[in-house]
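Engineer: Okay, here's the prediction I keep looking at, along with the sequence it came from:
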Amino acid sequence: MTLMVELCYPRPPVLDGQAILAAARVLHPGVEWMNEDATEGPMMFAFPDLAHTYADGVNAPLGVALLPGSQAIAGDPERYDTSQTWDWDEASAALQSSPHTVLVSELMGRVHPPKQRVEAFGAIVDVLIALTEPAATWWPFSGRAMAPGDAVVSTLGGLVNVRMFNDADAPGNLLMDTIGLHALGLPDVEMYFSGLDPKRIAGLLYDVAHYLVDGNEIEDGASIVQSRLEPDRAVLRLDPPTA
């Protein structure tokens with residue numbers, strides 16, 4: 001899958017490509033224009049030092065594109081479902097009052113390691129948030145809205161969300177999982193439990209997510225299974241902690 005985020009604004013943002021490039025180079029000195037002379041279409045940036053060499057010898061650098069647009073989102077809960085956004089009460093209101101968007105989309109990412117993908121994507125997203133001050137951010141693969149000040153990709157931002165569901169057949173039992181690691185080609189993580197603090201479990205799941213994105217291998221004997229909940233994907237199923 002391709003990493004992406006929608007930055008949402010009450011008014012059309014001004015995208016200063018030179019300012020974005022200069023600020024991104026502070027975070028990642030190797031970033032370059034991919035289409036500096038483009039007069040229409042997406043604004044694109046490339047990371048030549050983060051390149052994949054195919055069997056035919058062609059190098060494919062990671063890239064990030066910016067696509068401004070406008071969406072009529074007010075009253076459309078199916079487009080921005082904030083039911084699994086647990087830490088921002090104003091999410092729905094901020095999204096519905098911000099009809100102008102910039103879609104930030106990864107280019108040529110799937111062949112690269114997850115950590116490289118997060119680094120390149122974050123160098124553009126974090127800078128764009130700082131320079132253009134959106135009112136909200138929406139992360140489609142994690143189903144999460146985030147306040148812009150919290151959506152820092154270098155700490156995974158909204159790339160990964162932790163969801164929580166009650167088991168209707170077993171009151172008091174909860175299923176918590178991550179959603180978003182699958183977009184990086186990694187297994188998500190889930191745990192079924194009762195009698196434990198959900199905040200503690202959420203912290204544990206985020207820790208595992210960072211562990212996997214950093215390139216650490218899953219230990220032998222860990223259970224990789226199909227997810228209990230949609231979307232259907234591979235997950236690392238964890239046993240509840242005992243203490």
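Structural biologist: Sure, I can see it. It should be emphasised that the depicted structure is a prediction, and the values quoted were computed from it without experimental measurement.
Engineer: next one: phi and psi at the most centrally placed residue in the chain?
Structural biologist: Centroid-nearest residue in the chain: Leu159, 1.8 Å away (criterion: CA atoms, centre = their mean). When read as degrees, to the nearest 10, the backbone of Leu159 gives phi -60, psi -30.
Engineer: hang on, isn't it packed against Val153?
Structural biologist: Yes: contact status for Leu159 versus Val153: in contact at 6.5 Å, counting by CB atoms under 8 Å. Where you see a C-beta, it was placed from the backbone N, CA and C, and this is true even at glycine.
Engineer: quick one: average confidence on the biggest helix by length in the chain?
Structural biologist: Ranked by residue count and defined by DSSP state H, the top helix of the chain is helix 114-132. Averaging pLDDT along helix 114-132 yields 95.
Engineer: Which neighbouring elements make contact with it?
Structural biologist: Packing contacts for helix 114-132, counted by 3 or more CB pairs under 8 Å, 6 or more residues apart in numbering; DSSP states H and E, involve strand 4-9, helix 17-27, strand 43-53, strand 59-70, strand 100-107, helix 198-213.
Engineer: any chance of those in CSV, with mean pLDDT and mean neighbour count too?
Structural biologist: CSV is the format used below for the helices and strands packed on helix 114-132 (pLDDT from 0 to 100; neighbours: other CB atoms under 10 Å):
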stretch, mean pLDDT, mean neighbour count
strand 4-9, 95, 24
helix 17-27, 94, 16
strand 43-53, 91, 19
strand 59-70, 88, 18
strand 100-107, 94, 20
helix 198-213, 94, 16
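Engineer: Is it possible to get JSON lines of these that adds distance to Ala135?
Structural biologist: Converted to JSON lines, those look like this (distance: least, CB to CB, whole Å):
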{"stretch": "strand 4-9", "distance to Ala135": "6"}
{"stretch": "helix 17-27", "distance to Ala135": "19"}
{"stretch": "strand 43-53", "distance to Ala135": "21"}
{"stretch": "strand 59-70", "distance to Ala135": "14"}
{"stretch": "strand 100-107", "distance to Ala135": "10"}
{"stretch": "helix 198-213", "distance to Ala135": "25"}
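Engineer: Of the ones you listed, which is nearest Leu238?
Structural biologist: Among the helices and strands packed on helix 114-132, helix 198-213 comes nearest to Leu238, with 7.2 Å by CB to CB.
Engineer: Show the contacting residues for the residue nearest to the centre of the chain.
Structural biologist: 3, 118, 121, 139, 141-142, 153, 180, 183-184 (CB atoms under 8 Å, 6 or more residues apart in numbering).
Engineer: now do Val5
Structural biologist: Here Val5 is in contact with 103-104, 125, 137-140, 151, 157-158 (CB under 8 Å, 6+ apart).
Engineer: mind giving me the domain split of the protein?
Structural biologist: In terms of domains, the chain is parsed into 4-151, 161-238 (source: automatic domain parsing).
Engineer: Which one, of the helices and strands packed on helix 114-132, ends up nearest to Ala93?
Structural biologist: Using CB to CB, the helices and strands packed on helix 114-132 put strand 4-9 closest to Ala93, at 11.5 Å.
Engineer: Tabulate the CA atom coordinates of the closest one in PDB.
Structural biologist: Extracted C-alpha coordinates of strand 4-9, given in PDB (Å, rounded to 0.1, in the frame of the first residue of the first chain):
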ATOM      1  CA  MET A   4      -0.900   8.900   2.600                       C
ATOM      2  CA  VAL A   5      -2.500  11.500   4.700                       C
ATOM      3  CA  GLU A   6      -5.100  14.300   4.100                       C
ATOM      4  CA  LEU A   7      -4.300  17.700   5.600                       C
ATOM      5  CA  CYS A   8      -7.600  19.600   5.900                       C
ATOM      6  CA  TYR A   9      -8.000  23.400   5.900                       C
END
